[in-house]
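Participant: generate a structure from the sequence data that follows.
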Amino acid sequence: INNMLTTGMVPALYEKDEKDGICNSVRKEVKEAGIFDTNENCWNFFINKARNNLHVVLAMSPSGDTLRRRCRNFPGLVSAAVIDWFFPWPKDALEKVAEFFLAEEKLEDTHRQGVL
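Facilitator: As a prediction, this is how the structure comes out:
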């Protein structure tokens with residue numbers, strides 16, 4: 001995850017034939033962007049496209065030393081990510097959100113009560 005966040009790629013993730021296939025799949029887009037379609041340009045285009053569309057959700061508990069240690073060992077978690085802190089919600093707030101999103105769903109009352 002650190003490599004994906006900081007460089008947009010994971011080293012040695014793809015074999016050469018897979019990399020060639022990826023380059024061929026973006027070649028048309030590369031040409032349309034006005035870029036000369038060398039394999040290196042196609043690969044860089046793909047990496048930039050992947051980086052721009054990458055969304056990762058990672059959940060960790062902030063208690064204890066684990067989060068601090070991971071942030072120290074994997075600097076991309078701090079420099080290339082947004083950290084959102086979510087505090088516990090009251091039970092009635094969780095129920096209201098569930099009721100709102102399940103209002104249009106066709107559920108039997110017995111199932112609805114079990115879900116809520």
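Participant: and the lengthiest helix in the chain, how far from the chain's centre?
Facilitator: If you go by DSSP state H, the chain has its longest helix at helix 16-32. How far helix 16-32 lies from its chain's middle: 23 Å, per CA atoms, centre = their mean, to the nearest Å.
Participant: go on, stretch 52-66?
Facilitator: 10 Å.
Participant: and the end-to-end length of it?
Facilitator: Using CA to CA, to the nearest Å, the end-to-end distance of stretch 52-66 comes out at 29 Å.
Participant: how about stretch 49-58?
Facilitator: End residues of stretch 49-58 are separated by 21 Å (CA to CA).
Participant: what residues go with each domain of the chain?
Facilitator: 2-85, 88-116 (automatic domain parsing).
Participant: in terms of mean pLDDT, which of those domains ranks lowest?
Facilitator: Here the lowest mean pLDDT among those goes to domain 88-116, at a mean of 85.
Participant: rewinding a little: tell me the buried residues in the longest helix of the chain?
Facilitator: For helix 16-32, the neighbour count (16 or more other CB atoms under 10 Å) marks 22-23, 26-27, 30 as buried. From N, CA and C alone the C-beta is placed, and that goes for glycine too.
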